[in-house]
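Q: Got a predicted model here, sequence first, then my questions.
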Amino acid sequence: MTKEIKDIGSGFDFLHVLLFKILLITDGRTTDILETLMDETMSLQVVRQEQINEEQSTHLGESLDAPYYVRESILVGAKSHLVVSHNIALVCSKYLPSLMFEAIAAKKEGIGKTISTFGLQTSRKLIDSGWRNDTETVDLFQQPLKLRFSPTKSRVPYKKYSIDFGSHPGIYLLEYFNPNMVHLRLKQVRNETIAGKQQ
């Protein structure tokens, strides 16, 4: 019995690492993967959105000849109300189609969904990915960032990439993923299975 429990634990650990590895290397829409993994739709909540200043622009290595906006948002499960990811986006207005920039500025929907809605041709380039302690989490300007997850002792997976419009990176995205979501999803499936057997 003890060996079976250890085997189950090892299997879960392998699955946990594998699922996050897929999230961290994919160049597709992250939201689609999260919705499939959690079996629920995700809603976007914009926490903060503002135009950056000259001091912040020094991190970009270019002058502000057009507005740049930083957007901080979270993705929340529609049924579970779980904060699945905490995201920071830097939007470079001069490289975006005007309709898309207006939609983002209005905080109406997520960036990936906006791109899909307008049928825009883009490419994604992975810049960095890995795991950080929650005391090491920073934003795109290397400033400390307090994540909107429940407190966790687990290391937090993250991914940083650009969304390019033609040859220009129009959006930089940094996504932190809730390290507990696979465990919570497994717990949810177990509860649903038990409830189904009791009916």
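A: That came through, no problem.
Q: What residues does the residue nearest in space to the middle of the chain make contact with?
A: Residue closest to the mean C-alpha point of the chain, counted by Cα atoms, centre = their mean, is residue 175 at 3.6 Å. Counting by Cβ atoms under 8 Å, 6 or more residues apart in numbering, residue 175 touches 30, 85, 86, 87, 158, 159, 160. Every C-beta, even on glycine, is put in place using the N, C-alpha and C of the backbone.
Q: repeat that for 7 Å
A: Neighbour list for residue 175: 30, 85, 87, 158, 159 [criterion: Cβ atoms under 7 Å, 6 or more residues apart in numbering].
Q: avg pLDDT for the helix or strand it falls within?
A: Element membership for residue 175, per DSSP states H and E: strand 168-177. Per-residue pLDDT over strand 168-177 has a mean of 91.
Q: Could you do stretch 186-197 as well?
A: 72.
Q: on that earlier part again, who does the residue nearest to the centre of the chain bridge with?
A: The partner list for residue 175 in beta bridges (DSSP bridges) reads residue 87, residue 159.
Q: how close does it sit to residue 26?
A: Applying Cβ to Cβ, to the nearest Å, the value for residue 175 to residue 26 is 11 Å.
Q: Bridge partners for the closest residue to residue 110 other than its chain neighbours, pull those for me.
A: In space, and not counting its chain neighbours, residue 110 is closest to residue 44: 4.4 Å by Cβ to Cβ, 6 or more residues apart in numbering. Bridge pairing for residue 44 (DSSP bridges) gives the partners residue 75.
Q: Looks like residue 44 contacts residue 73 (just checking).
A: Yes - using Cβ atoms under 7 Å, residue 44 is in contact with residue 73, at 5.6 Å.
Q: If you count surrounding residues, which of these two has more?
A: residue 73 (21 against 18; other Cβ atoms under 10 Å).
Q: So which residues make contact with the helix or strand following the strand holding residue 175?
A: Downstream of strand 168-177, the next assigned helix or strand under DSSP H and E is helix 181-198. Outside helix 181-198, the residues that touch it by Cβ under 7 Å, 6+ apart are 12, 16, 19, 37, 38, 82, 84.
Q: go again using 10 Å as the cut-off
A: With contact meaning Cβ atoms under 10 Å, 6 or more residues apart in numbering, helix 181-198 is reached by 12, 15-20, 23, 34, 37-40, 77, 79-80, 82-85, 149-150, 154, 178, 180.
Q: In the helix or strand where residue 33 lies, which residues are buried?
A: Using DSSP H and E, residue 33 falls within helix 30-38. Going by neighbour count (16 or more other Cβ atoms under 10 Å), the buried part of helix 30-38 is 30, 31, 34, 35, 37, 38.
Q: Cheers, nothing more for now.
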